[in-house]
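Participant: Need coordinates for the following:
(chains A and B)
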Amino acid sequence: AQSVTQLGSHVSVSEGALVLLRCNYSSSVPPYLFWYVQYPNQGLQLLLKYTTGATLVKGINGFEAEFKKSETSFHLTKPSAHMSDAAEYFCAVGALGNKLTFGGGTRVLVKP
Amino acid sequence: GAVVSQHPSRVICKSGTSVKIECRSLDFQATTMFWYRQFPKQSLMLMATSNEGSKATYEQGVEKDKFLINHASLTLSTLTVTSAHPEDSSFYICSARDALAGGYNEQFFGPGTRLTVL
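Facilitator: This is a model prediction of the structure:
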């Protein structure tokens, strides 16, 4: 079985400040890891993914995440928050049959 | 590319009626589509995996007779909520996997359908 834990259901950052969203996973097999963003009343958009290879993954909109096997983590960061980053963010782990297991989500509020 | 659409985007129905939600992959073929349910301010819960030309695989606790899934073509899957009740009110999201992509590849998500049952 696989599981994902996102620490902090809400994160508030000032515009221009670092965004750090935490994700820890549990997987019995080498994981495939994803970060998605969801704006209100919309579907999910892929920010970035880790499958194999380089552990530091760069995504869209200036986001990046680092896969740390020893810590079973895949934290998402962005050096400088923008107002448009206000959204819900989901970490997910891939499983056999291409199923995804999602974390509980982290809502990001960006203060001007 | 890799666009998934859902129709309708929003639907309101009376208790006891059935509602059909369509999920289409617009520019790729999808042998596998997934249906998720999302309650307000909560995460996505996988309901079922829809495979083209075969029966859907439902997650534990999901009533297959209530949530009928049909995946009749490589670009279309439908979810029918039968005899809907207020507790079925939710945001339903589908995703599709590109049939031609090898290995583990991303799922492309539709924009979601907001179902409200009165």
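
Participant: Tell me which residue lies nearest the centroid of chain A.
Facilitator: A:Trp35 (3.6 Å; CA atoms, centre = their mean).

Participant: Enumerate the residues of chain B near chain A.
Facilitator: Residues of chain B found near chain A (CB under 8 Å from any CB of the partner chain) are B:4, B:6, B:32, B:34, B:41-46, B:49, B:91, B:93, B:95, B:97, B:103-107, B:109-112, B:114. All C-beta atoms are positioned from the backbone trio N, CA, C, and that covers glycine.

Participant: Now, of those, which are buried?
Facilitator: Neighbour-count burial (16 or more other CB atoms under 10 Å in any protein chain shown) applied to the residues of chain B next to chain A gives B:4, B:6, B:32, B:34, B:43-46, B:49, B:91, B:93, B:95, B:97, B:105-107, B:109-112.

Participant: Next, check these against the strands and list the overlap.
Facilitator: Members of those lying in strands (criterion: DSSP state E): B:4, B:6, B:32, B:34, B:44-46, B:49, B:91, B:93, B:95, B:97, B:107, B:109.

Participant: so which of those residues comes closest to chain A?
Facilitator: B:Phe109 (3.9 Å; CB to the nearest CB).

Participant: Thought B:Val4 was touching that closest one, still the case?
Facilitator: Yes - because the distance of 6.2 Å satisfies CB atoms under 8 Å, B:Phe109 is recorded as touching B:Val4.

Participant: shared neighbours of those two, which are they?
Facilitator: Here B:Phe109 and B:Val4 have A:43, B:94-95 as joint contacts, going by CB atoms under 8 Å, 6 or more residues apart in numbering or on different chains.

Participant: Tell me how many other residues crowd A:Gly62.
Facilitator: 15 (other CB atoms under 10 Å in any protein chain shown).

Participant: dump the residue contacts of A:Trp35.
Facilitator: By CB under 8 Å, 6+ apart, A:Trp35 lies in contact with A:21, A:23, A:46-49, A:59, A:63, A:65, A:74, A:76, A:89-92.

Participant: Which of those fall in strands?
Facilitator: Using DSSP E, the subset of the contacts of A:Trp35 located in strands is A:21, A:23, A:46-49, A:65, A:74, A:76, A:89-92.

Participant: Return the residues of chain A in contact with chain B.
Facilitator: Residues of chain A lying near chain B by CB under 8 Å from any CB: A:32, A:34, A:36, A:41-46, A:49, A:51, A:90, A:94, A:97-105, A:107.
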